[in-house]
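S.K.: model this:
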Amino acid sequence: MRDIDWSSGSWHRRPVQAIEEADGGLRVEPGPGSDLWRHTGYGFVHDDAPALLVDLPVGSAMEVDFRLDYAEQFDQAGVLVWVDDRNWVKAGVEVSDGQPQVGAVVTREFSDWSVAPVPQWAGREVTVRVSRAGDALTVRARPAGGEWQLVRLAPLPADAPAAAGPYCCSPTRGALTVRFSGWRQGPADTTLHPQE
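M.R.: Model (predicted):
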């Protein structure tokens, strides 16, 4: 995996602020009420979460690291994979019902949502990895020093141009700040499941 410089990305929706830190991190404030969602269950469309994106061609993978130090309802950070405003995937850790939950939203005109509780990840560095191979996007995540956990296998047509990178949002409040500490890109995963 090779490091991606923050300056290499282009913003999909600008944050309130994004500050590069002396140690190489990027601190992002997404803005109050920011979110990504289309229709399902809630009856609204939101497309105002900031994400810093570079191309994600077939055969490549991307990882984003961030500190899970937020705790308000629906605060979230992770990776956004963007095709267009009706087709995208966001994956990461979102606070829901009082605890951190690792999960993904896959949107193909309508959004869905899947989560699993990870309270033991609170306060830790988390890495989210997306890998694009053929017609599929594989999403994995882990806390620092932990094992990869499969989060989602989602369809992503091989001919669809896609971009990906770190995103964050805070649907129910303002003043969230997320510290991203790494952004890397390399070859796609060779298998869906670990070798036994």
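S.K.: centroid residue for this structure?
M.R.: For the chain, residue 79 is the residue whose C-alpha lies nearest the centre (C-alpha atoms, centre = their mean; 1.9 Å).
S.K.: remind me which helix or strand that one belongs to.
M.R.: In this structure, residue 79 sits in strand 76-84 according to DSSP states H and E.
S.K.: what is the mean pLDDT for that strand?
M.R.: Across strand 76-84, the average pLDDT comes to 98.
S.K.: quick check: buried residues in it?
M.R.: Using 16 or more other C-beta atoms under 10 Å as the test for burial, strand 76-84 gives 76, 77, 78, 79, 80, 81, 82, 83. The way it works is simple: take the backbone N, C-alpha and C, and place the C-beta from them, glycine included.
S.K.: may I have that strand exported as PDB, CA atoms only?
M.R.: Output of strand 76-84 as PDB, limited to C-alpha atoms (Å, rounded to 0.1, in the frame of the first residue of the first chain):
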ATOM      1  CA  GLN A  76     -19.600   8.700  11.800                       C
ATOM      2  CA  ALA A  77     -16.400   8.400   9.900                       C
ATOM      3  CA  GLY A  78     -14.900   6.000   7.400                       C
ATOM      4  CA  VAL A  79     -14.600   5.600   3.600                       C
ATOM      5  CA  LEU A  80     -17.000   6.800   0.900                       C
ATOM      6  CA  VAL A  81     -17.000   5.100  -2.400                       C
ATOM      7  CA  TRP A  82     -18.700   7.500  -4.900                       C
ATOM      8  CA  VAL A  83     -20.100   6.600  -8.300                       C
ATOM      9  CA  ASP A  84     -22.800   9.300  -8.600                       C
END
